[in-house]
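**Student:** just the structure for this:
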Amino acid sequence: MLLVVDVLVRFLQIYLLLLTIRILLGWFPNVDWYRQPFAALMQISDPYLNLFRGIIPPVGGLDFSPMLAFLLLSFAQRALIQVAPALLSLA
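**Tutor:** Model (predicted):
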């Protein structure tokens, strides 16, 4: 069980890093999203980010929905870390 929790936490850490890179690269208009590795990054991150794009409308041309997506994923990671010891004590 500990291995499963550790793998999930590591996966979330990597995904949060990929989201951070995706969000930062979005500020550069000259990034060609149809070339590798940018296309792969977009394919990995955009399905999750698209879930939040309709929730918070852009304000002044800035899209704050990635912030909500990032915070929710970060919260899920921390919750998993906090709940893991309790789950292990039940096993």
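
**Student:** which residues does residue 9 contact?
**Tutor:** 77, 80, 81, 84 (Cβ atoms under 8 Å, 6 or more residues apart in numbering). All C-beta spots, glycine's among them, are computed from the backbone N, C-alpha and C.

**Student:** if we go to 7 Å?
**Tutor:** 77, 80, 81 (Cβ atoms under 7 Å, 6 or more residues apart in numbering).

**Student:** and the longest helix for this protein?
**Tutor:** helix 65-90 (DSSP state H).

**Student:** can you list the buried residues in it?
**Tutor:** 65, 66, 69, 70, 73, 77, 84 (16 or more other Cβ atoms under 10 Å).

**Student:** give me the nearest residue to the second one, chain neighbours excluded.
**Tutor:** What it means is residue 66. residue 23 (4.8 Å; Cβ to Cβ, 6 or more residues apart in numbering).

**Student:** helices or strands next to the worst-scoring helix or strand of the chain on mean pLDDT in the packing?
**Tutor:** One helix or strand of the chain scores below all others by mean pLDDT, DSSP states H and E: helix 65-90, with a mean of 87. In terms of contacts (3 or more Cβ pairs under 7 Å, 6 or more residues apart in numbering; DSSP states H and E), helix 65-90 is packed against helix 2-25, helix 38-53.

**Student:** and of these, who's closest to residue 61?
**Tutor:** helix 38-53 (14.2 Å; Cβ to Cβ).

**Student:** so that closest one versus helix 2-25, what angle?
**Tutor:** 100 degrees (axes from the mean of the first three to the mean of the last three Cα atoms, to 10 degrees).

**Student:** helix 38-53 relative to helix 65-90, how many degrees between them?
**Tutor:** 90 degrees.
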